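Student: only the shape, not the letters, is given here:
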């Protein structure tokens, strides 16, 4: 079966789970429609910006900012280990949304690490 690039893009865009990709510097390179729905933020506001600049504002259950310290994404970029966590993100309207995240590495043909952070709501978003 030969699936073209546009078909893969349509598949990723139709996922229920939010999915975004960042490069090794945690600069957001891709943001799917489900991530837009969950966060309330459109790709043009995020793509090209670094999540380490606190643009995503992920926090743990104690309210600790994960973007400036214990970020599962940064840890996975550093060691390549898959991670799962229960965190909260801030919707553009200001309320917190509980999400389950799974961070895993993707590597290009040259072996460069590209990250995928996949999150899905744990309650109605």
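Tutor: Perfect, I can see it now. Note that the coordinates shown come from a computational prediction; the quantities given were computed from them, not determined experimentally.
Student: which element is residue 98 on?
Tutor: Assigned by DSSP states H and E, residue 98 belongs to strand 96-107.
Student: what segments of this structure are strands?
Tutor: 18-22, 28-31, 83-90, 96-107, 113-121 (DSSP state E).
Student: which outside residues touch the third one?
Tutor: The list of residues contacting strand 83-90 from outside it, by Cβ atoms under 8 Å, 6 or more residues apart in numbering, reads 38-39, 56-61, 66, 72, 75-76, 96-103, 119, 122. To be clear about C-beta, it is placed using only N, CA and C from the backbone, and glycine gets the same treatment.
Student: same thing but at 7 Å, please
Tutor: 39, 56-60, 66, 72, 75-76, 96-103, 122 (Cβ atoms under 7 Å, 6 or more residues apart in numbering).
Student: specify the beta-bridge partners of residue 22.
Tutor: residue 28, residue 115 (DSSP bridges).
Student: ok, it touching residue 52?
Tutor: No. Shown here, residue 22 and residue 52 do not form a contact pair, counting by Cβ atoms under 7 Å, at 9.3 Å.
Student: returning to that earlier point: the strand holding residue 98 vs strand 83-90, what angle?
Tutor: 140 degrees (axes from the mean of the first three to the mean of the last three Cα atoms, to 10 degrees).
Student: contacting residues for the residue most central in space within the chain?
Tutor: By Cα atoms, centre = their mean, the mean C-alpha position of the chain lies nearest to residue 117, the distance being 3.5 Å. Counting by Cβ under 7 Å, 6+ apart, residue 117 touches 20, 22, 73, 101, 103.
Student: repeat that with 8 Å
Tutor: Contacts of residue 117 by Cβ under 8 Å, 6+ apart are 19, 20, 21, 22, 73, 101, 102, 103.
Student: number of nearby residues for the fifth one?
Tutor: As a burial measure, the neighbour count of residue 73 was computed by other Cβ atoms under 10 Å and equals 23.
Student: returning to that earlier point: of the contacts of residue 117, buried ones?
Tutor: Burial by neighbour count, judged by 16 or more other Cβ atoms under 10 Å, picks out 19, 20, 21, 22, 73, 101, 102, 103 from those.
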